[in-house]
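Asker: I need the structure of the sequence given here:
(chains A and B, ligands or ions: 2)
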Amino acid sequence: MTALPASPAEFRPNAPGRLIRLSLERTRIEIKTFFRAPDQVFFTFLLPVLFVVIFSTIFSGEIEGPPGVEKVEFSQYFVPGMIASGIVSATFASLAMTIAVEQHDGLLRRLSGTPLPRSAYFAGKVGLALFTAFVIVVLILAIGVVFYDVSLPTDPKKWAVLAAVFLLGVATCSLLGIAYTRLIRSSSSAAAIVQPPYLVLQFISGVFLQYSQVPPFLKVVAAAFPLKWMVQGLRYVFLPDWVAVDDYGGEWQVERVLLVLGIWLAVSFVLARVFFRWNRGYTG
Amino acid sequence: MTPALSARGVRKRYGDLEALRGVDLEIEPGEVFALLGPNGAGKTTFVEILEGFRARSGGEATVLGVDPERGDLVWRSQLGIVLQSAGFFEQLTPDEAVAHFATFYPNPLDPRRVVDMVGLADKRSSRCKDLSGGQKRRVDLAMGIVGDPELIFLDEPTTGLDPQGRRQMWEVVREFTRLGKTIVLTTHYLDEAEQLADRVGVIIAGQLVEVGTPRGIGGRERALARVTFALTGNLAGRPLPETGADTATRDGRVTITTATPTAVVAVLARWAEANGEPELPALAVSRPSLEDIYLAMVEAADGGEGREGDDA
Ligand SMILES: Nc1ncnc2c1ncn2[C@@H]1O[C@H](COP(=O)(O)OP(=O)(O)OP(=O)(O)O)[C@@H](O)[C@H]1O
Ligand SMILES: [Mg+2]
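Answerer: Ligands and ions are numbered 1, 2, ... in the order given. Down below sits the predicted model:
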């Protein structure tokens, strides 16, 4: 019989290099398994494509601004909303549902029995969401530009804001999806629990309509959540400045958008750490 | 020496059910310990408390010197866990899944070699979702050991395996034993416990009722031997010799229960020789098997009659 080996002091499970390596490894595996389920791939990318096509076909008019400014096509007007909606479905909705399944079939339990840091597990999920959200945004823009005369911004600052809102939005909504799994009690109820808040928020944040049409008290509610700010930041990227007067009372307030999203990122990180359970729902 | 694992008065309640009623156990480093017990006895509950998966309702436990409820990732890196059931990476192959798990550990084994060890060499490139139940169980085992753990928990590792698979699993356990690792396994197969374990513990209705070596448990070593043979050929109808032991005859078969089987056989041999039958027909000398002992314990706990001597 051998004595117990001393605990391997040189093994530091949360060393930054190890966290980065494992985050990349988890992301690699997530993306690999994602692509091995073709039905999942198809529907993930089909929905945003359908949205663009349907919206651009049904609302084929244009929005008139004050005299002397160029009009905005509806197909252009709804691009920011489509992108925001695509981000939320690739992150919040998709992660909450897939993690709920992993929780309830015991895969999470298996992972939690290993020295894999929880943050690396999160990072893999966010990595997959980042990837699918990116593909969705590219698809939306490509279809818009090719079929519906959508014009892309020329100002580099607008591209920078697009990138910032995209990254902050993906990270925040992914972490919120992770935290939200706490409310899901079985994998079969996942969709029913995930869809309502996200559909309601889409309406009151002005994803499917002009923000000026949202009643004021609902705007107050919408402003408490990140989606409204994502849409606002993305509208700045794709729409002329006069739209901000109608929709957001004057200015785009880009700095404020980024600040609010930054705060939400920190909050959602804490929520994910507090509410996420490796072990939930398992009774074996 | 510090035990690899120790439990003192470990209790677990699920609502009104007392699944564990104060379990005491110490396991030494390098030991192979098998936990036996009927369905629902509390084996999985006990093991998962030690693995840090379930909170205990009372008592103390340390595993590799750490309270499992406070085990950190360094502690986890020294454990290998094969759960009774757990989710899969359905879309990965065994090679990919095991290699993925290997990246979590500081000093993993070679993942391909581990896949070979568990007998999945010819399935290494199939998706896990397409594997049979027993093949999936082998993947479970491979993922559990690839981190080269000091202490391995195996909860019914061979349930669903074919005989060859069970033997491969035993070989894996023996290989880890040779390297001085500690193994805690649960099983419903008594031959498995007998083959592998240094000690076995029998848990019934949440209580550890017996702990001992497979040979000695439940007074098995001291239990009386049974000498049996058939009254056929020239022996048919002959009066039996006096052996001084408890003798019963049924359907032409004689069963003698004795503490001195060698002496009894010597007497019988001379008697048979004298009756013109140099070989005692169908002679057998046996001791109660681990299974006999185990079933007797379970029946005793159920309030039933003991089995010892029930066919005498
Ligand atoms: N999560 C749980 N919630 C409520 N009761 C539970 C839970 N897990 C186990 N039990 C109950 O506790 C008892 C012990 O269960 P456990 O799974 O530990 O048995 P076991 O010895 O592993 O059985 P088996 O041989 O069938 O695997 C059973 O009566 C079971 O129904
Ligand atoms: Mg069990």
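Asker: hey, what's residue 63 bridged with?
Answerer: Went with chain A since none was named. A:Val72 (DSSP bridges).
Asker: nope, chain B
Answerer: Beta-bridge pairing for B:Val63 (DSSP bridges): B:Leu5, B:Val66.
Asker: could you pull up the contacting residues of it?
Answerer: Counting by C-beta atoms under 8 Å, 6 or more residues apart in numbering or on different chains, B:Val63 makes contact with B:Ala4, B:Leu5, B:Leu50, B:Glu51, B:Gly52, B:Gly71, B:Trp75, B:Leu79, B:Leu151. Quick note: C-beta positions are derived from backbone N, CA and C, even for glycine.
Asker: now do B:Gly276
Answerer: Per C-beta under 8 Å, 6+ apart, neighbours of B:Gly276: B:Asn234.
Asker: tell me which element it falls in.
Answerer: Taking DSSP states H and E as the definition, one finds B:Gly276 inside no helix or strand.
Asker: ok, A:Val161 touching A:Val254?
Answerer: Yes - using C-beta atoms under 8 Å, A:Val161 is in contact with A:Val254, at 5.9 Å.
Asker: okay, and the common contacts of these two?
Answerer: Common contact partners of A:Val161 and A:Val254 (C-beta under 8 Å, 6+ apart): A:Gly233, A:Tyr236.
Asker: excluding residues flanking it in the chain, which one is nearest A:Lys71?
Answerer: Sequence neighbours aside, A:Glu62 is the residue nearest to A:Lys71 in space, at 4.5 Å (criterion: C-beta to C-beta, 6 or more residues apart in numbering or on different chains).
Asker: tell me, how many residues neighbour the one you found?
Answerer: 14 (other C-beta atoms under 10 Å in any protein chain shown).
Asker: do the same with the one 4 residues further on
Answerer: When neighbours are counted by other C-beta under 10 Å, A:Pro66 registers 8.
Asker: that older thread, which of the contacts of B:Val63 sit farthest apart?
Answerer: B:Ala4 and B:Gly52 (14.9 Å; C-beta to C-beta).
Asker: picking that back up, redo the contacts of B:Val63 as a markdown table? Include secondary structure and pLDDT.
Answerer: Formatted as a markdown table, the contacts of B:Val63 follow (DSSP: H, G, I helix; E, B strand; the rest coil; pLDDT from 0 to 100):
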| residue | secondary structure | pLDDT |
| --- | --- | --- |
| B:Ala4 | coil | 90 |
| B:Leu5 | strand | 95 |
| B:Leu50 | helix | 95 |
| B:Glu51 | coil | 94 |
| B:Gly52 | coil | 92 |
| B:Gly71 | coil | 89 |
| B:Trp75 | helix | 94 |
| B:Leu79 | strand | 95 |
| B:Leu151 | strand | 96 |
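Asker: which of those count as buried?
Answerer: B:Ala4, B:Leu5, B:Leu50, B:Glu51, B:Gly52, B:Gly71, B:Trp75, B:Leu79, B:Leu151 (16 or more other C-beta atoms under 10 Å in any protein chain shown).
Asker: which of those come close to ligand 2?
Answerer: Filtering the buried ones among the contacts of B:Val63 for proximity to ligand 2 by C-beta under 5 Å from the ion leaves nothing.
Asker: any idea which of these is closest to B:Ala142?
Answerer: B:Leu79 (15.5 Å).
Asker: turn the buried ones among the contacts of B:Val63 into TSV, columns for distance to A:Gln202.
Answerer: Below are the buried ones among the contacts of B:Val63 laid out as TSV (distance: C-beta to C-beta, whole Å):
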residue	distance to A:Gln202
B:Ala4	55
B:Leu5	53
B:Leu50	47
B:Glu51	43
B:Gly52	41
B:Gly71	42
B:Trp75	44
B:Leu79	45
B:Leu151	50
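Asker: pLDDT value on A:Pro8, please?
Answerer: pLDDT, A:Pro8: 54.
Asker: give me the buried positions along the biggest helix by length in chain A.
Answerer: With secondary structure taken from DSSP state H, chain A has its longest helix at helix A:118-148. Of all the residues in helix A:118-148, those buried under the rule 16+ other C-beta under 10 Å are A:118, A:120-137, A:139-141, A:143-144, A:148.
Asker: also stretch A:15-30?
Answerer: Using 16+ other C-beta under 10 Å, the residues of stretch A:15-30 that count as buried are A:Arg18, A:Leu22, A:Ser23, A:Glu25, A:Arg26, A:Thr27, A:Ile29, A:Glu30.
Asker: quick one: it to chain centroid distance?
Answerer: Stretch A:15-30 sits 21 Å away from the centroid of its parent chain (C-alpha atoms, centre = their mean, to the nearest Å).
Asker: how about stretch A:258-277?
Answerer: Worked out by C-alpha atoms, centre = their mean, stretch A:258-277 lies 13 Å from the chain centre.
Asker: flag every buried residue along that stretch.
Answerer: Those would be A:Leu258, A:Val260, A:Leu261, A:Trp264, A:Leu265, A:Ser268, A:Phe269, A:Leu271, A:Ala272, A:Phe276, for stretch A:258-277 by 16+ other C-beta under 10 Å.
Asker: helix, strand or coil: sort out the fourth one for me.
Answerer: Classification of A:Trp264 by DSSP: H, G, I helix; E, B strand; the rest coil places it in helix.
Asker: burial check on the closest residue to it other than its chain neighbours, number of neighbours?
Answerer: Nearest non-adjacent residue to A:Trp264, counting by C-beta to C-beta, 6+ apart: A:Pro226, 4.4 Å away. Other residues near A:Pro226 come to 26 when the count uses other C-beta under 10 Å.
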